[in-house]
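Trainee: here's a sequence, model it:
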Amino acid sequence: MFADLSVAAKHLHLTYHGVLRMGYLALRLSVSQKKYLNFPRFFNLLAIVPLRLLANLRHHREIIQILQLPVYKGVTEKQPHLSLKYLKNEYLAYGLATPLRSASIRYHYKYISTALRPDLLRKILFERVVIYEYVNQDSRFEVNMSLSMPYHSEGEFSITFDLENTAIFILSFTIVPGFVVGLDVEATLLISRLQGVRGCFTQIQHATKSMLEVSPQTVLVAALQGIAMALGVQYIASVSSSTCVGNSNPKQPSTEFSTAYDDYFISRGAIKNQTGFFCLSLPFREKPLTLIKRDHRSRTRKKRRFVWQISESVRDKLREYCQIPLSRTESEASLPQTLSATGHPTWRSTPVTSESVAAIVPGAVALRRFSPASAGPETAPSP
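Mentor: Sure thing, here's the model as predicted:
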């Protein structure tokens, strides 16, 4: 009995410390942005957040248990509020119910702990991993993967486009169950941040010209496709300008946010579903070359080949660290060195299931297929 009480007291202490830490970070962020805490924000922090914690106590305990796995040792010291940030409305996307935010963070850390080897996962959590590099005559470009810092609320992992070891573009994502974004699939990579770093417009222009007129934004999305292929995920989803938590005025998104999210993903052929997320199946579908001006087809094919090679390179680099091998048909055994006549790559990965994880990784925690019923008391969007 006393042992149970001591464990409960320890969890209570961690929770209380986390709430205080959230309050401190919110206050410091407000002061840095010259947005001082008014009464509604103060009341939300000290009253609403604890009430949400009590309402989701069972799911919160699951998050604590997942983060106590050996591979995550020390991560809560790096982000003391990691297990609590899903309680805020400004996590992943505006409009997500608390049970869906809770399901997302649980799914991400459970999924990634079974999908990646511990040595790589710990390096991602505590350092940075170079997953792609490109060098021309005068510049060196890298794509690095790491725990999301300092944008804690906009995704769990980030991949950054670096010019000479300086990040100039950031993509943040989380592995979420498909129903969170309105898809009837096991897992989806949800993009919650895709923005350039303020003050780096000149560097972004230079990088675009140096990489066959392929923007850092497209390079990062191509790298994310490679990550998805390595993990066996077949869908990518993204927030819109009105649901991006980095947007301080979601009701009237600025042109910058509309261009960075809505216009970009529509140009990639994404469809905005009833839950407000842009969804893309992999590999990405491009406009047929027959619909492109004849004078531009050669350049377009070259750019598409370059983008596809980025995805392949990232996939191959991560594959050796994946604990879930990919199965392909004999006809797909050789990777496409050239694009098809329509300019589309034809390779597809096999989606990951709970059964495949349990069968391949002895002793691994099986991936739980979350459903709207198990997400919590609030109603989740139907796929």
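Trainee: now do residue 120 against residue 196, distance only.
Mentor: Remark: distance between residue 120 and residue 196 (CB to CB, to the nearest Å) = 27 Å. Where C-beta positions appear, they are placed from N, C-alpha and C, glycine not excepted.
Trainee: doesn't residue 239 make contact with residue 262?
Mentor: No: at 10.0 Å, residue 262 does not count as touching residue 239 under the criterion of CB atoms under 8 Å.
Trainee: more crowded one of the two?
Mentor: residue 239 (30 against 19; other CB atoms under 10 Å).
Trainee: show me what contacts the residue nearest to that one when sequence neighbours are not counted?
Mentor: The shortest distance from residue 239 to any non-neighbouring residue, by CB to CB, 6 or more residues apart in numbering, is to residue 93 (4.7 Å). Contact analysis of residue 93 by CB atoms under 8 Å, 6 or more residues apart in numbering lists 190, 192, 239, 243-245, 276-277.
Trainee: give me the pLDDT for residue 93.
Mentor: As predicted, residue 93 sits at a pLDDT of 91.
Trainee: from residue 247, how far out is it?
Mentor: Taking CB to CB, one finds residue 93 at 10 Å from residue 247.
Trainee: next: residue 304.
Mentor: 31 Å.
Trainee: among those two, which residue is more densely surrounded?
Mentor: Here residue 304 and residue 247 are compared on neighbour count by other CB under 10 Å; more neighbours surround residue 247, at 22 against 19.
Trainee: tell me the pLDDT of that one.
Mentor: For residue 247, the model assigns a pLDDT of 80.
Trainee: next, it: phi, psi?
Mentor: Main-chain torsions, residue 247, degrees, to the nearest 10: phi -90, psi 120.
Trainee: surely it is in contact with residue 257?
Mentor: Yes: the pair residue 247 and residue 257 passes the contact test of CB under 8 Å, sitting 5.1 Å apart.
Trainee: which neighbours do the two have in common?
Mentor: With CB under 8 Å, 6+ apart as the test, residue 247 and residue 257 both reach residue 241.
Trainee: quickly list the domain ranges of this protein.
Mentor: What the record gives for the chain is the domain set 1-87, 116-375, from automatic domain parsing.
Trainee: mind listing the helices for the chain?
Mentor: Applying DSSP state H to the chain gives helices spanning 2-32, 39-43, 49-55, 57-67, 75-78, 98-115, 118-126, 201-210, 216-231, 255-257, 264-267, 294-319, 354-360, 372-375.
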